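Student: Any chance you can model this:
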Amino acid sequence: MKRRTSIKRISSFLGLATSFTSLTGLLEGCSEKKDPVWAPLKLNKNQRTLISIFADQVIPTTDTPSATDAGVPAFIEILMIDVFQKKDTRDLLKDLEFFNQNCKKDIGHEFLECKPEQQSAWMHKVTNSSHINHTIFNKMKDLVVGAYFTSEEGMKQNLNYTPIPGKFETCRKIGANAKIMAGDRI
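Tutor: Numbering: from 1, shown residues only. Reported below is the predicted structural model:
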């Protein structure tokens, strides 16, 4: 086989392989998107439920989505498994179990067994800086709020969200007393 012929065959093979994967990606991009389903990774049912209830107590449903609606429990679980050190994950899970059991000492029921009003009252009680669970509460609250405001729903519903780089406008009419936006040139 001549060198020129082999180069043509190799390049056509590589071009076909590249175009096939591009075409597959294009066709998959056109298919209807489904909502992502949270498939729990390593937490047990009680831990998952505790994180979900805690998140919804910190950011409940109002005119904006709740923490679970924004996918905060799933995000926290991914953080615990993929980002945190194993020791930090174990400590956080121990803290959550301690939080759950301490509720039983004060109220008579574990946090997971309480009614929503009791859970809310317990959460309000642990916000007091002298409470034994105060540091656990603050640690979890920071995780929930951070995860919520990095979610799409949290950003779009609660913040003045402007996508970057934004829409390109070639010609824009500016009124006599209008302010010029940063970055625009006249």
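Student: Residue 55: neighbouring residues, count only.
Tutor: 27 (other CB atoms under 10 Å). Just so you know, the C-beta spots here come from the backbone N, C-alpha and C atoms, and that holds for glycine as well.
Student: Next up, the contacts around it.
Tutor: Neighbouring residues of residue 55 by CB atoms under 8 Å, 6 or more residues apart in numbering: 66-68, 72-73, 76, 144, 147-148.
Student: In strands only, show me the residues you listed.
Tutor: Judged by DSSP state E, strands contain none of these.
Student: right, and the pair among the residues you listed with maximum separation?
Tutor: Greatest spatial distance among these (CB to CB): 66 and 76, at 14.1 Å.
Student: The two: which has the busier surroundings?
Tutor: Each of residue 66 and residue 76 has its neighbours counted (other CB under 10 Å); residue 76 has more, 24 against 18.
Student: ok, now which ones touch residue 119?
Tutor: Taking CB under 8 Å, 6+ apart as the definition, contacts of residue 119 comprise 53, 57, 111.
Student: The chain: helices as residue ranges?
Tutor: Along the chain, the segments classed as helices by DSSP state H run 3-30, 45-58, 72-78, 86-107, 116-126, 134-150, 152-158.
Student: how about the second one: buried residues?
Tutor: Along helix 45-58, these residues count as buried under the neighbour rule (16 or more other CB atoms under 10 Å): 47-48, 50-58.
Student: what does the fifth one give?
Tutor: Across helix 116-126, burial judged by 16+ other CB under 10 Å covers 119, 122-123, 126.
Student: tell me the angle of it relative to helix 134-150?
Tutor: Between helix 116-126 and helix 134-150, the angle comes out at 110 degrees (axes from the mean of the first three to the mean of the last three CA atoms, to 10 degrees).
Student: From the chain's centroid, how far away is helix 116-126?
Tutor: 24 Å (CA atoms, centre = their mean, to the nearest Å).
Student: ditto for the fourth one
Tutor: Distance of helix 86-107 from the chain centroid (CA atoms, centre = their mean) equals 22 Å.
Student: Mind giving me the packing neighbours of that helix?
Tutor: Helices and strands touching helix 86-107, by 3 or more CB pairs under 8 Å, 6 or more residues apart in numbering; DSSP states H and E, are helix 45-58, helix 116-126, helix 134-150.
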